[in-house]
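J.: Using only what follows, build the 3D model:
(chains A, B and C)
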Amino acid sequence: MMALAEIKHFVYEASLIILAVMLMLCLLRAVLGPRVADRIVAVNMMGTMVMVMIAILALMMGESYLIDVCLIYAMVSFLAVIVITKVYMGVYRERRSREKEERNG
Amino acid sequence: MSRKKTEQEYRKTFAFRFFRWLNAEEDRYLDKVEMHPQEPYVETEEDIRRRQREKNALLNKLYGRKKSKSVRYLELFYKGACIVFCGILIYLLLLTVSYLPPIGVADRPVNNEVSRRYIEEGLDETGAVNIVSGMILDYRAFDTLGESHVLFVATVTVLILLRADHKKKERSSAGEEMAYSLEEAEINDRNYEPKNDAILQMAACILVPIIIIFGIYVILNGHLGPGGGFSGGAIIGAGLILYLNAFGFQKTQRFFTEKTYKWVSFGSLSFYCIAKSYSFYTGANHLENIIPKGTPGAILSSGLILPLNIAVGLVVACTMYAFYVMFRKGGF
Amino acid sequence: MAEWVCFIVGTLFLLTGLVIFAIELYGAYRYDYVLNRMHMAAFGDTFGIGVSLLGLMIINGFHFSTLKMALIIIFLWCASPVSSHLIARLEAATNENLETHMEVEKK
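T.: Numbering: from 1, shown residues only, chains lettered A, B, ... in the order given. Okay, here's the model as predicted:
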C-alpha cells in the first residue's frame, strides 16, 4: 500500500492532465464556431475548467490563497460575457443602420 | 477720476483707437479704396477635373509614381536593408544577454547579502507577515507612490483624449444644456442595450455586494497574505463596472460622479504623500515610535502598511471605473 | 482511517465531475446550432463544477478555504444562468436567419 500522499499526488496530476487536454479541445471549438455566440460560449467553458484546475493546484501545493484567485477568475469571466454582449449588440446595430442609410440614400 | 466720459468723447481718445487696432475691429479699406463689383465664384465640373489632373501629373513627376528604374531598385534595397538591420540588432542583443552570469553562482552581485537581510529581518522591521507587502509599502514606499501617480496620470490622459463635450450652444439656459447633454448621452448609450434587463438587475443585486466585500477583504489582508492594494482595488472596480452595466448611468451617478472621483483620488494620493514624505523634513527620522508595529499576524499590525494599502486600493478602483466609463460614453 | 475514507469519497466526486466535463465537451461538438450547444455549456458550468468542487471540499477537511470554495460555487450558480441569458439574447438579436433553426413568433 503506497502512502496516502503519493496516491493523492497521482490523482491530482492525472486530473490536471485530463483537464488540460479538454481545455485544448474547447479552444478548438472556439476557433471553429461560425458565429460570435459560439466563441463566447466556448471561452466561458474554458474559464470554468481553468477554475477547477486552479482549485486542484491549490490543494496540491498546500497554498490556500489560490482559492482567492479562483473566485476572481469566476467574476472576471462573468463580467467579460456581459461587456462583450453589450458591445457586440451596439456594433451590430450601428452596422445595420449604416447599411440601411446607404441603401436608402 | 470717476467721471464717465460720453460716447462722443470716448471715440476721440487714444485708448479707444488703440484697443480697436488691437482687436482688429476696424476696416481700414472701407470707403477708402475703389472696388469693382464682384461676381460670386462658381466652380464648374470642368474646373474640378482640371485641378485633379494637374495635381496627379505633379505628384507623378515629383514622387516618380510611374516607378522609374532607380525607384524600383531603391525599394528592393530598402527591404533587404531592413532585414539585415533587424538581424544585426537581434544578434547584438542576444550577445549582450549571453554575458549575464549563470544562475546560482555564489559570487555574483545578484546573490549578495541584500536579499538575505530582507528575508531574515523583514518580519521584525516591518511587522508584516507578507514580505512582498513589506517591501513595496515599507522599504520601497516611494516606488509605490510613483506607481499610484502613474495610474492617476494615465487616467488624466485618457480623460483628455476621450472626453466628449456635449455642449449645445443653441440651448437657452445653462440648466437645460446640462440636462439635454446627459439625456442625449444616455440615449446614445442605450443603443447598446435595448431595454432594462430585469434578470441582470436581479443578479447584480445579489452579486455586487459580494464582489465589493471580497475586494475589501483582499485589501485589508494585504500584509497577511497575497493581495494588497492593487488587486483589491481592481476587484472593487470590477464590482462597480457590473453595477453600471446592470443599472445604467443615471443610477450610478447617485453615488459616483466626477466629483467623487476627483476627491477620492486626490485625497488618497495626498494622504500617501504626507504619510511618507515627512522624513524629508525631519532628517530621515521616522514615526516608528508613534505608530506601533503590533503582533505579526493580526489585522492591526505593521504600522503604516494598512492605511497605505487602503489608499492605493481606492486609487486603483477609481482608475478602473474611470477607464471603462471613458471608453464607453466619454464622460462620467 | 477517516482520512482514507474522506479521500476516496472526494476522489469519486472529483472523477464524476471530470466525466461531466467530458460529456459537456462531447455535446459541444455534436450539436449544430449555438443555442443547442449552450445547453451543454450551462450543464457543465453548474453541475460539473459543483460536483468537482464538492469533492475537493471533502478532501480538504474543515478549513477556511473550504468555505471559500463554497462561496465560489454559490457565486457561479448565481452568475452562470445570467451569462446564458445574455448570450441567448445576443444570438436572437443578431441572427437574421432565425427561422431556419426554430419557430419564431412575430409580435
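J.: Confirm that B:Glu39 sits in a helix.
T.: No. According to DSSP: H, G, I helix; E, B strand; the rest coil, B:Glu39 belongs to no helix; its state is coil.
J.: what about it, how many residues close to it?
T.: Neighbourhood size, B:Glu39 [other Cβ atoms under 10 Å in any protein chain shown]: 6. Using the backbone N, CA and C atoms, a C-beta is placed for each residue, glycine as well.
J.: ok, the residue of chain C found nearest chain B - how many residues close by?
T.: In chain C, no residue comes nearer to chain B than C:Val82, which is 4.4 Å away by Cβ to the nearest Cβ. Per other Cβ under 10 Å, the neighbour tally for C:Val82 reads 21.
J.: And it, what's its pLDDT?
T.: Per-residue pLDDT puts C:Val82 at 92.
J.: so what does the helix or strand of chain A with the lowest mean pLDDT touch, helix or strand wise?
T.: When the helices and strands of chain A are scored by mean pLDDT, DSSP states H and E, helix A:66-104 comes last with a mean of 90. If contacts are counted by 3 or more Cβ pairs under 8 Å, 6 or more residues apart in numbering or on different chains; DSSP states H and E, helix A:66-104 sits against helix A:36-61, helix B:198-220, helix B:229-247, helix C:64-94.
J.: okay, the ones you listed, which one's buried deepest?
T.: Of these, the one with the most neighbours on average (mean count of other Cβ atoms under 10 Å in any protein chain shown) is helix B:229-247, at a mean of 23.
J.: Let me see the mean pLDDT of that helix.
T.: Per-residue pLDDT over helix B:229-247 has a mean of 93.
J.: Could you do stretch B:45-61 as well?
T.: pLDDT averaged over stretch B:45-61 gives 88.
J.: Which SSE is immediately downstream of the strand or helix carrying B:Leu62?
T.: Per DSSP states H and E, B:Leu62 falls inside helix B:45-63. The first helix or strand that comes after helix B:45-63 along the chain, using DSSP H and E, is helix B:69-97.
J.: centroid residue for the chain?
T.: This is for chain A. Nearest to the geometric centre of chain A sits A:Gly47, at 2.2 Å (Cα atoms, centre = their mean).
J.: should've been chain C
T.: Residue closest to the average C-alpha location in chain C (Cα atoms, centre = their mean): C:Asp45, at 1.6 Å.
J.: so the least confident helix or strand of chain A versus helix C:64-94, what angle?
T.: 10 degrees (axes from the mean of the first three to the mean of the last three Cα atoms, to 10 degrees).
J.: quick one, what contacts C:Tyr33?
T.: Contact analysis of C:Tyr33 by Cβ atoms under 8 Å, 6 or more residues apart in numbering or on different chains lists C:His101.
J.: That should have said A:Leu79, apologies.
T.: A:Leu79 neighbours (Cβ under 8 Å, 6+ apart): B:Ala238, B:Ile241, B:Leu242.
J.: and the gap between the last one and A:Ile17?
T.: As for B:Leu242, its distance to A:Ile17 is 35 Å (criterion: Cβ to Cβ, to the nearest Å).
J.: how far away is whichever residue of chain A sits closest to chain B from C:Thr94?
T.: Residue nearest to chain B within chain A: A:Gly90 (3.7 Å; Cβ to the nearest Cβ). A:Gly90 sits 11 Å away from C:Thr94, going by Cβ to Cβ.
J.: what does A:Glu63 give?
T.: 43 Å.
J.: and if you look at B:Glu43?
T.: For B:Glu43, the distance to C:Thr94 equals 45 Å [Cβ to Cβ].
J.: For B:Ala298, what are phi and psi?
T.: phi -90, psi 160 (degrees, to the nearest 10).
J.: meant to ask about B:Gly104
T.: According to degrees, to the nearest 10, B:Gly104 has phi 100, psi -10.
J.: Count the neighbours of it for me.
T.: B:Gly104 has 8 neighbours, counted by other Cβ under 10 Å.
J.: Give the closest residue to it in space, chain neighbours not counted.
T.: Of all residues not flanking B:Gly104 in the chain, B:Asn111 sits nearest, at 7.6 Å (Cβ to Cβ, 6 or more residues apart in numbering or on different chains).
J.: The one you found - how many residues pack around it?
T.: 14.
J.: you'd agree it is up against B:Val105?
T.: Yes. The pair B:Asn111 / B:Val105 is scored as a contact, 7.3 Å apart, by Cβ atoms under 8 Å.
J.: Now the phi/psi pair for B:Thr44, please.
T.: Dihedral angles for B:Thr44 - degrees, to the nearest 10 - are phi -90, psi 170.
J.: Which one of the contacts of A:Leu79 is nearest to B:Thr257?
T.: Using Cβ to Cβ, B:Ile241 comes nearest to B:Thr257 of those, at 16.2 Å.
J.: I figured the closest one was touching B:Phe323, is that so?
T.: No. Using Cβ under 8 Å, B:Ile241 is not in contact with B:Phe323, being 9.5 Å away.
J.: residues contacting B:Val325?
T.: Each residue near B:Val325 by Cβ under 8 Å, 6+ apart is listed here: B:Leu244, B:Gly331, B:Phe332.
J.: Spell out which residues of chain C are next to chain B.
T.: C:Leu71, C:Phe75, C:Cys78, C:Ala79, C:Pro81, C:Val82, C:His85, C:Leu86, C:Arg89, C:Ala93 (Cβ under 8 Å from any Cβ of the partner chain).
J.: TSV for those residues, including distance to B:Ser270?
T.: Shown next, in TSV, are the residues of chain C next to chain B (distance: Cβ to Cβ, whole Å):
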residue	distance to B:Ser270
C:Leu71	36
C:Phe75	36
C:Cys78	39
C:Ala79	37
C:Pro81	44
C:Val82	40
C:His85	44
C:Leu86	41
C:Arg89	45
C:Ala93	47
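J.: Check the residues you listed for the minimum pLDDT and say which it is.
T.: Among those, C:Ala93 has the lowest pLDDT, at 85.
J.: any idea how far it is from C:Trp77?
T.: Taking Cβ to Cβ, one finds C:Ala93 at 26 Å from C:Trp77.
J.: Kindly report the same for C:Asp45.
T.: From C:Asp45 over to C:Trp77 the distance is 9 Å, taken as Cβ to Cβ.
J.: Then B:Cys86?
T.: 53 Å.
J.: related to what we said a few turns ago, excluding residues flanking it in the chain, which one is nearest the residue nearest to the centre of chain C?
T.: C:Asp45's closest residue in space is C:Ser80 (Cβ to Cβ, 6+ apart), at 4.3 Å.
J.: Wait, that neighbour touches C:Thr46, no?
T.: Yes. C:Ser80 lies in contact with C:Thr46 (Cβ under 8 Å); the separation is 5.6 Å.
J.: Spell out the secondary structure type for C:Phe62.
T.: Going by three-state DSSP: C:Phe62 is coil.
J.: how many neighbours does it have?
T.: 7.
J.: Which strand or helix spans A:Leu23?
T.: With elements taken from DSSP H and E, the one containing A:Leu23 is helix A:4-32.
J.: What residues of that helix count as buried?
T.: Residues of helix A:4-32 classed as buried under the neighbour-count rule (16 or more other Cβ atoms under 10 Å in any protein chain shown) are A:Lys8, A:Val11, A:Tyr12, A:Ser15, A:Leu19, A:Met22, A:Leu23, A:Leu25, A:Cys26, A:Arg29, A:Ala30.
J.: Could you tell me which ranges of the stretch 101-250 of chain B sit under the pLDDT cut-off?
T.: For the stretch 101-250 of chain B, applying pLDDT under 70 flags the ranges B:165-195.
J.: What residues does it have near chain C?
T.: B:Pro194, B:Asp197, B:Ile199, B:Leu200, B:Ala203, B:Ile206, B:Leu207, B:Ile210.
J.: Distance to chain A added to these, as a markdown table?
T.: Output for those, formatted as a markdown table (distance: Cβ to the nearest Cβ, whole Å):
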| residue | distance to chain A |
| --- | --- |
| B:Pro194 | 8 |
| B:Asp197 | 10 |
| B:Ile199 | 11 |
| B:Leu200 | 7 |
| B:Ala203 | 9 |
| B:Ile206 | 12 |
| B:Leu207 | 8 |
| B:Ile210 | 9 |
